[in-house]
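Student: No letters, just coordinates:
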């Protein structure tokens, strides 16, 4: 397969390719280290917890839509994974390798996922994230996401929210967010 061309800034966005699960798991593990700088020790502890098993992670990716940010050598440096849930798309992971942050890759991946959601006819994009981590809820709020109260969310999203709360973490540190497409 011919490598994807990067934009003039040295990065591009493309769909995930078969066999990239290990590379994306490595990107996710590296991006998780950014959490260790968060002041809340309950959240910072997530950086030292074990990540998902490759086979489980690979299955999750295979069942999702995945867009990859790549460098000028076509190596994955970030990705966004989302799936269709009822009339919505649900982002379950956005990760950018720490060596490539501050390049607007998270924003570009998010915009690409929202564009995909629109093309699929989805009503909105929903996700679960930490309230006070700067590259979590504040990042999404800057892109137009608003809080979706658990009491107003469909039960499928409420269940997903609870499933995504890391073990030993206060659920009140997290929230559901939505963006109308």
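Tutor: Done, it's in. Source: prediction; values computed, not measured.
Student: Going along the chain, name the strands of the chain.
Tutor: 12-15, 65-70, 76-85, 88-96, 124-130, 146-147, 174-180 (DSSP state E).
Student: Could you dump these into TSV with mean neighbour count added?
Tutor: For the C-beta atoms, the positions are set from N, CA and C on the backbone; glycine is no exception. Shown next, in TSV, are the strands of the chain (neighbours: other C-beta atoms under 10 Å):
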stretch	mean neighbour count
strand 12-15	16
strand 65-70	23
strand 76-85	22
strand 88-96	23
strand 124-130	23
strand 146-147	12
strand 174-180	20
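Student: Turn the ones you listed into TSV, columns for distance to residue 22 and mean pLDDT.
Tutor: Listed next are the strands of the chain as TSV, based on distance: least, C-beta to C-beta, whole Å; pLDDT from 0 to 100:
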stretch	distance to residue 22	mean pLDDT
strand 12-15	17	96
strand 65-70	13	97
strand 76-85	10	97
strand 88-96	14	96
strand 124-130	24	95
strand 146-147	35	98
strand 174-180	28	97
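Student: looking at it, residue 93 is touching residue 28, isn't it?
Tutor: Yes: with contact defined as C-beta atoms under 8 Å, residue 93 reaches residue 28; the gap is 6.7 Å.
Student: and the gap between the residue nearest to residue 63 when sequence neighbours are not counted and residue 113?
Tutor: The spatial neighbour of residue 63 that comes closest, neighbours along the chain excluded (C-beta to C-beta, 6 or more residues apart in numbering), is residue 83 at 6.7 Å. With distances taken as C-beta to C-beta, to the nearest Å, residue 83 is found 11 Å from residue 113.
Student: got it, and residue 77?
Tutor: 16 Å.
Student: again, but for residue 80
Tutor: Taking C-beta to C-beta, one finds residue 80 at 5 Å from residue 113.
Student: any common contacting residues for these two?
Tutor: Common contacts of residue 80 and residue 113 (C-beta atoms under 8 Å, 6 or more residues apart in numbering): 67, 91.
Student: Which neighbours do residue 83 and residue 113 have in common?
Tutor: 65, 89.
Student: Could you export the strands of the chain as JSON lines, including distance to residue 161?
Tutor: Below are the strands of the chain laid out as JSON lines (distance: least, C-beta to C-beta, whole Å):
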{"stretch": "strand 12-15", "distance to residue 161": "27"}
{"stretch": "strand 65-70", "distance to residue 161": "20"}
{"stretch": "strand 76-85", "distance to residue 161": "12"}
{"stretch": "strand 88-96", "distance to residue 161": "10"}
{"stretch": "strand 124-130", "distance to residue 161": "5"}
{"stretch": "strand 146-147", "distance to residue 161": "12"}
{"stretch": "strand 174-180", "distance to residue 161": "5"}
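Student: out of those strands, nearest to residue 163?
Tutor: strand 124-130 (8.7 Å; C-beta to C-beta).
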